[in-house]
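Asks: fold the following and give me the result.
(one chain, ligands or ions: 2)
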Amino acid sequence: MMDTLIVNIGQLLTMEGDGPVKGEQMKMLPLIEQAAVGIKNGRVAWIGSNEEAKTISASHLIDAEGKLVTPGLVDPHTHLVFAGSREHELSLKQQGVPYLDILKRGGGILSTVRATRAASEEELYEKAHVHLDRMLSYGVTTVEAKSGYGLDVETERKQLRVAKRLHQTHHVDVVSTFLGAHAIPTEHQNNPDGFLRQMVDLLDVIKQEQLADFVDIFCETGVFTVEQSRTFLQKAKEKGFAVKIHADEIDPLGGTELAVEVGAVSADHLVGASKAGIQQLAHANTIAVLLPGTSFYLGKGKYAKARQMIDEGAAVALATDFNPGSSPTENLQFIMTLAALYLRMTPEEIWHAVTVNAAYAINRGQDAGRIMIGRRADIAIWDAPNYMYVPYHYGINHVRMVLKDGKVVSERRKGDVS
Ligand SMILES: O=C(O)CC1=NCN=C1
Ligand SMILES: [Zn+2]
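Replies: Ligands and ions are numbered 1, 2, ... in the order given. This is a model prediction of the structure:
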């Protein structure tokens, strides 16, 4: 007797397999037509044909109406916890003021830092909870959330406490990353190394208070150099953290090569990744997390070379990079469209990039991103006829229902076409 049986599934994307999916394998999409899924005690207990499902009893039946069912999506790169907003920077961008110039003027990240330092922990929690509700409504069941808008001991801890509390209270699983090395705060502009030492000292507290799994750094012109990033990430690894890196987002400094050198779980952005960096990445275990929403929003027409990465054999994931400055959207489905149009990724590769590879990019490959017997029943039920339709029809929300650990936690009301 199942607790829940999802029947009449037109296309079930199981994403079954083991480990991250690399290169050519990203084109092989594991799916079952006319399928059904049985759930018991929050886990996937049975997978079969719609015909076989007629012999199975269940307390609760869900009719997928002949449409698409997939694993819950995973968003492996967000700056979820912050205060304030930066819509006033839009006019600067329209005037052609570069992102790094806005930062140099004390805007950008530093503008969000001022607002986040001033906000209470409760205000940050309430605001991030709304963003997480929206991500859930888009079919996302696991999210990575970075700090990095404090750039001082107290506010970085405040942000990470909020992310940890969200993980404990919200349906969506939240994986935390310490990004204290996100920018050089105003008070340390003349002493970036002194600031980094302060952030290194904070690592022991973060480990002791179990506030983050990952440590990340913004390796970029005018922020932190490759050398500073190497030292910082090596110290983080010595203290038992897994590491990630904002690499080659705007200027090609060689952050991609550094990610491979230090054994980063993921290298993120990679717009300026060199051919050598891409080749090294493809032969390493580092996941390439691409953020086409940020490229779209920066408006420079420059996108990561996803085709080259996949053709070289890399494992590619996608994320929103949700943040108030360079990618203010929670909509991972729109990111799928951008990946199709500007990263030239196939629908099959895109689905690997928002499920299984995204899960491995945050060390959750064993928990999320696949529908397999024994796995947590984190499942999205779509109002889309097939998997190609989601990146094709952009700008709307195709998700009808989301299950987390086998329970319906988000459902669009009948007739609600928003
Ligand atoms: O601008 C922001 O707030 C987030 C960001 N960090 C590095 N790139 C974008
Ligand atoms: Zn980011």
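Asks: how about the residues of the stretch 101-250 of the chain by ligand 1?
Replies: Residues of the stretch 101-250 of the chain lying close to ligand 1 (Cβ under 6 Å from any ligand atom) are Gly108, Ile109, Thr112, Phe218, His246, Glu249. From N, CA and C alone the C-beta is placed, and that goes for glycine too.
Asks: quick check: the farthest pair among these?
Replies: Thr112 and Glu249 (16.5 Å; Cβ to Cβ).
Asks: more crowded one of the two?
Replies: Glu249 (28 against 23; other Cβ atoms under 10 Å).
Asks: for the residue of the stretch 1-150 of the chain found nearest ligand 1, grab the count of nearby residues.
Replies: Distances between the stretch 1-150 of the chain and ligand 1 by Cβ to the nearest ligand atom are smallest at Ile109, namely 4.5 Å. As a burial measure, Ile109 scores 27 neighbours (other Cβ under 10 Å).
Asks: same check on Glu187?
Replies: By other Cβ under 10 Å, the residues close to Glu187 number 10.
Asks: hmm, back to that, check contacts around the residue of the stretch 1-150 of the chain closest to ligand 1.
Replies: Residues in contact with Ile109 (Cβ atoms under 8 Å, 6 or more residues apart in numbering) are Leu103, Gly148, Tyr149, His182, Ala183, Gly325.
Asks: got it, and Gln11?
Replies: Leu31, Ile32, Glu33, Ala35, Lys67, Leu68, Val69, Asn386, Tyr387.
Asks: next, format those as JSON lines and append secondary structure and pLDDT.
Replies: Formatted as JSON lines, those follow (DSSP: H, G, I helix; E, B strand; the rest coil; pLDDT from 0 to 100):
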{"residue": "Leu31", "secondary structure": "strand", "pLDDT": "96"}
{"residue": "Ile32", "secondary structure": "strand", "pLDDT": "98"}
{"residue": "Glu33", "secondary structure": "strand", "pLDDT": "98"}
{"residue": "Ala35", "secondary structure": "strand", "pLDDT": "98"}
{"residue": "Lys67", "secondary structure": "coil", "pLDDT": "98"}
{"residue": "Leu68", "secondary structure": "strand", "pLDDT": "98"}
{"residue": "Val69", "secondary structure": "strand", "pLDDT": "98"}
{"residue": "Asn386", "secondary structure": "coil", "pLDDT": "98"}
{"residue": "Tyr387", "secondary structure": "coil", "pLDDT": "98"}
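Asks: closest to His398 among the residues you listed?
Replies: His398 lies nearest to Leu68 out of the contacts of Gln11, by Cβ to Cβ, at 8.1 Å.
Asks: now do the closest one against Glu51, distance only.
Replies: To Glu51, Leu68 is 19 Å away according to Cβ to Cβ, to the nearest Å.
Asks: which one's more surrounded, the two?
Replies: Between Leu68 and Glu51, counting by other Cβ under 10 Å, Leu68 is the more crowded of the two (26 against 10).
Asks: ok so, going back, so which of the residues of the stretch 101-250 of the chain next to ligand 1 sit within helices?
Replies: Here DSSP state H is the test, and these give Ile109, Thr112 as lying in helices.
Asks: spell out which parts of the stretch 301-418 of the chain neighbour ligand 1.
Replies: Contacts of the stretch 301-418 of the chain with ligand 1, taken as Cβ under 6 Å from any ligand atom, map to Asn323, Pro324, Gly325, Ser326.
Asks: and the second one, how many neighbours?
Replies: Here the number of neighbours of Pro324 (other Cβ under 10 Å) works out to 21.
Asks: for the residue in the chain that ligand 1 sits nearest to, give me its contacts.
Replies: Per Cβ to the nearest ligand atom, Gly325 is where the chain lies closest to ligand 1, at 3.2 Å. Going by Cβ under 8 Å, 6+ apart, Gly325 touches Arg86, Glu89, Tyr99, Gly108, Ile109, Ser111, Thr112.
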